[in-house]
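[1] one predicted model, sequence on top.
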Amino acid sequence: MSVTVRMTCVILSVVDLAGCAVGTAIDDVNLASEHDDVASTSSFDPEVKQTPASFDVTDAAPRGLGFASGVRVDDAGVGLSSDAASTPSSAPETILIGVDAATPAASASGAPVDATRPVSAPASPAADASALAPATGAAAAATCVVPAEATLADVSKPTTVVGTGSPASCTSSAFVAAVEKGGIITFNCGSAPATIKLDRTARVFNDRSQRVVIDGGNKVTLSGGGKVRILYQNTCDEDLVWTTEHCDNQEFPQLTVQNLTFENGNAKGSGEGGGAIYASGGRVKVLNSRFYGNVCDDTGPNVGGGALRVLQQYNGQPVYIVGSTFGSDQAHGNVCSNGGAVSGLGVSLTVLNSAFLYNRAIGRGASPAAAGTPGGGSGGAIFANGNNIPLSLCGANIEHNDANEGGGALFYVSNDRSSSVTIDRSTLRTNKSGKFENFPGMFVQAKQDPAVSSSTLQ
């Protein structure tokens, strides 16, 4: 079956544009998953390439982007029937949503933020934890409010302090032992920034503490040295102790990483992903942290998350990524077969005031793998797949990411079409989709079209 998807650029007023003239043929539009547990059974034609376009809505009202044939949007943001749509234009319009793409992004204080800040200079923590600014990067033209449960954890009474005041005292063994013990972990590595190069992966044990909080004070870098994954949590891993009869949906442990830099983590050969962090079960939050040069397997349909891979969050509660940066330039992007920076399987993602720059999905053949290919290559920055998996981007800056197959910025498939994507006060531009996309830099199959407000998509 071949389905033609067309959207029509309709100018409704001098300052109000909606829709986009594009035409794409997609065979058997339902996609299979990156992971067998949430896979659908259909496939798609990976050779389809849709011409990228941009959208513009100058007010802040959320609007669907018109995935259905001939849909236009009226002045109130309500979709009209296809009979009311105008004739498609001969060429795509170039339009923006809400904020001029040339407007410099600002931090919470209003000062411009440098998207190419060197890896060696961690950002200062936000003065107000309820409105965390991006750790680096021009994350957006506006700072989005952070819910209370996603603010920085109190670490004033640590369970373990790694180090005794000098860089030499902050060892791999000391950090690994602290994580195995659980609780609140802080560092005393001296007054200057310090890097802890791990010789093995730090593992979160399920029976040690309900909550594990790791706070680097914006001075600590955890490095995998290009050889090992940095952090691992899995409620269904027997080696980490089973604590319930329903390990795929249990409340604890809950992992929070904050004020840290993760670099050169390597999960190649694992067949799982999560070069810096792999977290399955319980809950995970990433706050005011930075991820550079983390990798996982180059190819494969069922592997993803060069920096972060998350599965099986308790009762479907969201994974929070707040005030964080993934990649900074071509030399420090995160890379994996799918989801160059982040891969979420069967989980809801809430991304606030964060930047994704120069991450790459380098697999070939998509998922399931096309005949004669190793598979993968979707979601240059973010890969999200499952059933009810709402994804929200607010205050996000997603630029210069690349996917060999589809979704240079975002690959999102709700298999049962029960959830969708919301984009607010964000910038997604210059993201390359090698073979397919149905919105600029994105491939989205969902309950409805992405709801977009005060954002730039190019």
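    Arrived safely, thanks for sending.
[2] can you map out the strands along the stretch 351-458 of the chain?
    Here the stretch 351-458 of the chain has its strands, by DSSP state E, counting those that start in this stretch, at 355-357, 360-361, 382-386, 391-394, 397-399, 402-403, 410-414, 421-424, 427-429, 432-433, 442-445, 451-453, 456-457.
[3] okay, the angle between the third one and strand 410-414?
    What it means is strand 382-386. If you take axes from the mean of the first three to the mean of the last three CA atoms, to 10 degrees, strand 382-386 sits at 10 degrees to strand 410-414.
[4] mind putting the strands of the stretch 351-458 of the chain into CSV with mean pLDDT and distance to I214?
    The C-beta positions use only the backbone N, C-alpha and C, and glycine is treated the same way. Output for those, formatted as CSV (pLDDT from 0 to 100; distance: least, CB to CB, whole Å):
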stretch, mean pLDDT, distance to I214
strand 355-357, 98, 21
strand 360-361, 98, 27
strand 382-386, 97, 23
strand 391-394, 98, 25
strand 397-399, 98, 25
strand 402-403, 98, 30
strand 410-414, 98, 27
strand 421-424, 98, 29
strand 427-429, 98, 30
strand 432-433, 98, 34
strand 442-445, 98, 32
strand 451-453, 97, 34
strand 456-457, 96, 34
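[5] which one of these lies nearest to L311?
    strand 382-386 (9.1 Å; CB to CB).
[6] pull stretch 366-376 out as CSV, backbone CA atoms only.
    This file holds the C-alpha atoms of stretch 366-376, laid out as CSV (Å, rounded to 0.1, in the frame of the first residue of the first chain):
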residue,chain,number,x,y,z
ALA,A,366,16.6,1.3,9.7
SER,A,367,14.5,-1.0,12.0
PRO,A,368,13.8,-3.7,11.2
ALA,A,369,17.0,-3.9,9.2
ALA,A,370,16.5,-3.8,5.5
ALA,A,371,17.8,-6.8,3.6
GLY,A,372,21.5,-6.8,3.3
THR,A,373,22.0,-4.1,6.0
PRO,A,374,23.0,-4.3,9.7
GLY,A,375,20.1,-2.0,10.7
GLY,A,376,19.7,1.3,12.6
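[7] what is the rounded mean pLDDT of that stretch?
    The average pLDDT for stretch 366-376 rounds to 94.
[8] same thing with stretch 340-348?
    97.
[9] now swap in stretch 270-280 and tell me
    In this model, stretch 270-280 carries a mean pLDDT of 96.
[10] hmm, back to that, quick one: the strands of the stretch 351-458 of the chain as CSV, columns for mean neighbour count and distance to N266 too.
    Listed next are the strands of the stretch 351-458 of the chain as CSV, based on neighbours: other CB atoms under 10 Å; distance: least, CB to CB, whole Å:
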stretch, mean neighbour count, distance to N266
strand 355-357, 30, 20
strand 360-361, 30, 15
strand 382-386, 31, 19
strand 391-394, 25, 27
strand 397-399, 28, 24
strand 402-403, 30, 20
strand 410-414, 30, 23
strand 421-424, 23, 30
strand 427-429, 25, 28
strand 432-433, 23, 24
strand 442-445, 24, 27
strand 451-453, 20, 36
strand 456-457, 28, 33
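[11] residues contacting N387?
    38, 346, 414-416, 418-419 (CB atoms under 8 Å, 6 or more residues apart in numbering).
[12] closest one of the residues you listed to A396?
    When these are compared against A396 (criterion: CB to CB), the nearest one is S419, at 17.9 Å.
[13] phi first, then psi, for the closest one.
    As for S419, its main-chain torsions (degrees, to the nearest 10) stand at phi -140, psi 170.
[14] surely it and N385 touch.
    No - applying CB atoms under 8 Å, one finds S419 not in contact with N385, separated by 11.2 Å.
[15] contact partners for S414?
    386-389, 420, 445-447.
[16] tell me which of the strands of the stretch 351-458 of the chain sits nearest to T256.
    strand 391-394 (19.0 Å).
[17] which strands and helices lie in contact with that closest one?
    With contacts taken as 3 or more CB pairs under 8 Å, 6 or more residues apart in numbering; DSSP states H and E, strand 391-394 sits against strand 349-352, strand 421-424.
[18] related to what we said a few turns ago, whichever of the contacts of N387 end up buried, select them in PyMOL.
    Command for PyMOL that selects the buried part of these, burial taken from 16 or more other CB atoms under 10 Å:
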select buried, resi 38+346+414+415+419
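[19] tally of neighbours for the nearest residue to N315 once chain neighbours are set aside?
    Using CB to CB, 6 or more residues apart in numbering and skipping the chain neighbours, the partner closest in space to N315 is N249 (6.7 Å). Using other CB atoms under 10 Å, N249 is surrounded by 14 other residues.
[20] N249 against Q317, yeah?
    No - using CB under 8 Å, N249 is not in contact with Q317, being 10.5 Å away.
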